[in-house]
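Engineer: need a structure here:
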Amino acid sequence: MYQTSTRSGNLNSTDLVNGLRLLLADQYTASDGRWTQDALLNFIDRGHKRVVRDVRFPDCRITFPTVQGSQLYPVPLMLVTDAVYVAGQLAVPTDIPTLEGRQINYYDQRGDGTTTAGPYSDAPLGTAGQNAPLWAVQEPLSYPVNGGWSTPAWSGIGGGGQAPDAQPWDINSRPRYYWRSGYIGFVPAPANVVTVCIDGVRQPDTVDALDLTLTTPDNFQDAVIWAALALAKYADDGQRADAQRQVAEQNYEREKRKLLTWRFGDYQGQQRNGPKPQMLRRTGRILNKRGHCW
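Structural biologist: Numbers count the residues shown, from 1 in each chain. Predicted structure coming up:
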């Protein structure tokens, strides 16, 4: 007995469970059946997360308000981060080792003995300012943040220009963001209440009930079912389970390749996806991704 659901152009958990039961040749009723609904939903959930992680789709947009002076904010697990905007201002990606210059053996300790970072700073506990990294004593600022040496006059009103991201934090640097486990941090911390907008690909929500509408389009159905079937056959103790699991894995890889071709081909209009060097048209120089001239 298979339950029905209303389709909306996206995957539905009931349809996925029904499709998985068909391949398992497992007719389910309330009193019998090889697999329970909860077990199959678990396989579907793990298979769905695997497909989204491998194909890096669908795109999403996460928004939330800042808190005055707060540096860290909880965010769902992001598999891909395309861009981060704070009050519409594009933030530059970084990480803690880069902010402190550890990756170039700089080990920043330019703190002058004062700190205005505020009570909600992500600075190391006990930071008093003296000999601390500059990012740890950076005072919160209102966004959008103006000024900075990376905003040359020739780039027009509001600046723009290059934003090198390989050097340690400097007081006049453009705003940066970094990841700390399930949190995103900003330097400088926002001193006002504005909207943060994150574009990218997030890990999908857990599939734990029937008739859930997923965010993934329905052309992902075969890949999700084959990924779930591989898990089910791994858990099976039948004589042919290992061979059937290998077949399921092979079919999953085939469906994944189809989705990747669609994702980076037809869906994006066959555009180039390799590295794109940035050209400074004023001087004719070409920059690599770290902002250094070739």
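
Engineer: can you give me the helices for this structure?
Structural biologist: Counting by DSSP state H, the chain has these helices, from start to end: 13-24, 37-55, 96-100, 221-235, 241-261.

Engineer: can you say which of the ones you listed is packed in most?
Structural biologist: Greatest average neighbour count among those goes to helix 221-235 (a mean of 23), per mean count of other CB atoms under 10 Å. The C-beta positions use only the backbone N, C-alpha and C, and glycine is treated the same way.

Engineer: let me see the confidence value for Arg282.
Structural biologist: We have a pLDDT of 46 for Arg282.

Engineer: could you number the chain from 188 rather than 1 from now on?
Structural biologist: Taking 188 as the first residue, the last one we looked at is Arg469.

Engineer: now what about stretch 240-252, what contacts it?
Structural biologist: 239, 260, 262-263, 266-267, 269, 380-390, 402-404, 407, 410, 443, 446-447, 450 (CB atoms under 8 Å, 6 or more residues apart in numbering).

Engineer: only alpha carbons, please: show that stretch as PDB.
Structural biologist: Taking C-alpha atoms only, stretch 240-252 is exported to PDB below (Å, rounded to 0.1, in the frame of the first residue of the first chain):
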ATOM      1  CA  ARG A 240      26.500  17.900  -1.100                       C
ATOM      2  CA  ASP A 241      27.900  16.300  -4.300                       C
ATOM      3  CA  VAL A 242      26.000  18.400  -6.800                       C
ATOM      4  CA  ARG A 243      26.100  21.700  -4.800                       C
ATOM      5  CA  PHE A 244      22.400  22.500  -5.600                       C
ATOM      6  CA  PRO A 245      19.900  24.100  -4.900                       C
ATOM      7  CA  ASP A 246      21.100  27.700  -4.400                       C
ATOM      8  CA  CYS A 247      19.600  29.500  -1.400                       C
ATOM      9  CA  ARG A 248      19.600  32.800   0.300                       C
ATOM     10  CA  ILE A 249      19.800  33.200   4.100                       C
ATOM     11  CA  THR A 250      19.000  36.500   5.800                       C
ATOM     12  CA  PHE A 251      19.000  37.600   9.400                       C
ATOM     13  CA  PRO A 252      19.300  40.900  11.400                       C
END
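
Engineer: which stretches in this protein count as strands?
Structural biologist: In the chain, the strands defined using DSSP state E lie at 197-199, 247-252, 259-261, 265-273, 276-277, 279-280, 363-367, 370-374, 382-389, 400-404, 465-467, 472-474.

Engineer: now do the contacts for Val238.
Structural biologist: Applying CB under 8 Å, 6+ apart to Val238 gives the contacts Thr403, Phe407, Ala410, Val411, Ala414, Lys443, Leu446.

Engineer: any chance of these in JSON lines, plus distance to Tyr293 and pLDDT?
Structural biologist: Converted to JSON lines, the contacts of Val238 look like this (distance: CB to CB, whole Å; pLDDT from 0 to 100):
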{"residue": "Thr403", "distance to Tyr293": "43", "pLDDT": "94"}
{"residue": "Phe407", "distance to Tyr293": "45", "pLDDT": "96"}
{"residue": "Ala410", "distance to Tyr293": "45", "pLDDT": "97"}
{"residue": "Val411", "distance to Tyr293": "46", "pLDDT": "98"}
{"residue": "Ala414", "distance to Tyr293": "44", "pLDDT": "97"}
{"residue": "Lys443", "distance to Tyr293": "42", "pLDDT": "96"}
{"residue": "Leu446", "distance to Tyr293": "43", "pLDDT": "95"}
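
Engineer: tell me the two of the residues you listed that are most distant?
Structural biologist: Thr403 and Lys443 (13.3 Å; CB to CB).

Engineer: next one: Tyr421 from Cys384, what distance?
Structural biologist: 40 Å (CB to CB, to the nearest Å).

Engineer: burial count for Ile358?
Structural biologist: 14 (other CB atoms under 10 Å).

Engineer: then Arg221?
Structural biologist: Arg221 has 15 neighbouring residues, counting by other CB under 10 Å.

Engineer: check contacts around it.
Structural biologist: By CB under 8 Å, 6+ apart, the residues touching Arg221 are Leu211, Asp213.
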